[in-house]
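*Asks:* Make a model of this:
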Amino acid sequence: MKRPLDANSAPQWPRDVVLFIDRCLGRFDVPDALRQAGALVEVHHDHFSQDAKDQDWLPVVGANGWLVLTNDKKFRHNYVELVAMFKGDVKAFVLGGKDASGQKMGAIFVKALKQIFSLASRLDAPFIANVTSAGNVSLAYHGSELFAALQAGPRNETRRGPA
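*Replies:* This next block holds a predicted model:
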């Protein structure tokens, strides 16, 4: 017979998987929510300067095997960052939707933890996955798809006005 979980006990997440919190998610609310849920967490601020370029820290995080959590919407489209992710074997989870408070983003990532750990355990790096505001996780780019995005070269980021 299964014993119900004590209301104060956190689920048992993998003890060898670390979630790396990008600086855009803050130093407190998101990391604290994930720690309270039982996850192992490292915060950008504890390892890199605030002005460190993504292409500089991504390979380090990837080499450590840490999962990147971010809400940087440009992550999926910035050529230099995509190259760093690909070369660094990074597994990244990008929170979509409108800007939310740190507490709300923390709650979303906590809700998504089971799917985050499941996807990360099934797929080899590199990949980028989307996390919706409802806490659902879906794959955006994986391996060869990420490579194809890189082969397409840098995107022209100029915006077009109304026709």
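
*Asks:* and the least confident helix or strand in the chain by mean pLDDT, which residues are buried?
*Replies:* Lowest on mean pLDDT, DSSP states H and E among the helices and strands of the chain sits helix 144-151, with a mean of 78. For helix 144-151, burial by neighbour count (16 or more other CB atoms under 10 Å) applies to 146, 149-150. Every residue, glycine included, has its C-beta placed from N, CA and C.

*Asks:* So which elements touch it?
*Replies:* Helix 144-151 is packed against helix 79-87, with contacts defined by 3 or more CB pairs under 8 Å, 6 or more residues apart in numbering; DSSP states H and E.

*Asks:* Using CSV, write out every CA atom in the helix it packs on.
*Replies:* This file holds the C-alpha atoms of helix 79-87, laid out as CSV (Å, rounded to 0.1, in the frame of the first residue of the first chain):
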residue,chain,number,x,y,z
TYR,A,79,22.8,33.0,-33.7
VAL,A,80,25.7,33.5,-31.3
GLU,A,81,23.8,32.0,-28.4
LEU,A,82,22.6,29.1,-30.5
VAL,A,83,26.2,28.3,-31.5
ALA,A,84,27.3,28.4,-27.9
MET,A,85,24.4,26.1,-26.9
PHE,A,86,25.1,23.7,-29.7
LYS,A,87,28.9,23.5,-29.0
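
*Asks:* now that helix and helix 144-151, what's the angle there?
*Replies:* Here the directions of helix 79-87 and helix 144-151 differ by 140 degrees (axes from the mean of the first three to the mean of the last three CA atoms, to 10 degrees).
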